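Enquirer: generate a structure from the sequence data that follows.
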Amino acid sequence: MVKRIPLAPGLFTWPAEEPALLGGCCGSCGHVAFPHREHCLACGEAGVAQVELPRRGRLWTFTTQRFRPPSPPYAGADTPETFVPFSVGYVELPGACRVEARLTEPDPAKLAIGQEMELTILPFGSTPDGGETVVFAFQPV
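Expert: Have a look, this model is predicted:
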């Protein structure tokens, strides 16, 4: 079995059958943000609690990435010749916040503002020891 690890630690629960994004909720003002930070972005208070965010939300806006982003910071395993366009968007999670994320559907004709989306985990690249890195994304429900 291939070892799968998140591209960056602390973004989502892993491994998990139903992974969740890890955000932060301020105990002082109630502001929710992703990713989790130690200090509140709204009021500056320290000690923001880590919380699991809802797995489903609604597509707030999106665009399609039609060329390979510069590397670094892009860390995909593809090359300019093998690059496949992908969509990115903001998904509004109820009672929480908007999250910028990759979308599993690359065809903009199959996406719509307000469409219900659900969190999923996708393969992204490989590790030096032959493992696989994974990232979070949202897919249409």
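Enquirer: show the residue spans covered by the strands in this structure.
Expert: 4-6, 22-25, 32-33, 49-52, 56-65, 86-92, 98-103, 116-126, 132-140 (DSSP state E).
Enquirer: buried ones in the fifth one?
Expert: Within strand 56-65, the residues that qualify as buried are Gly57, Arg58, Leu59, Trp60, Phe62, counting by 16 or more other C-beta atoms under 10 Å. (C-beta placed from N, C-alpha, C; glycine too.)
Enquirer: gap between Pro19 and Thr63?
Expert: 24 Å (C-beta to C-beta, to the nearest Å).
Enquirer: between the strands of the chain, which one is nearest to Phe12?
Expert: strand 132-140 (5.0 Å; C-beta to C-beta).
Enquirer: okay, now the unreliable bits of this structure?
Expert: Where the chain drops to pLDDT under 70, the residues are 75-77.
Enquirer: so which residue of it lies furthest out from the middle?
Expert: Ser28 (26.0 Å; C-alpha atoms, centre = their mean).
Enquirer: do you know how far it is from Pro106?
Expert: 41 Å.
Enquirer: which residues touch the nearest residue in space to Cys29 that is not next to it in sequence?
Expert: In this structure, Cys29 finds its nearest non-sequential neighbour in Cys43, 4.4 Å apart by C-beta to C-beta, 6 or more residues apart in numbering. Residues near Cys43 by C-beta atoms under 8 Å, 6 or more residues apart in numbering: Cys26, Ser28, Cys29, His31.
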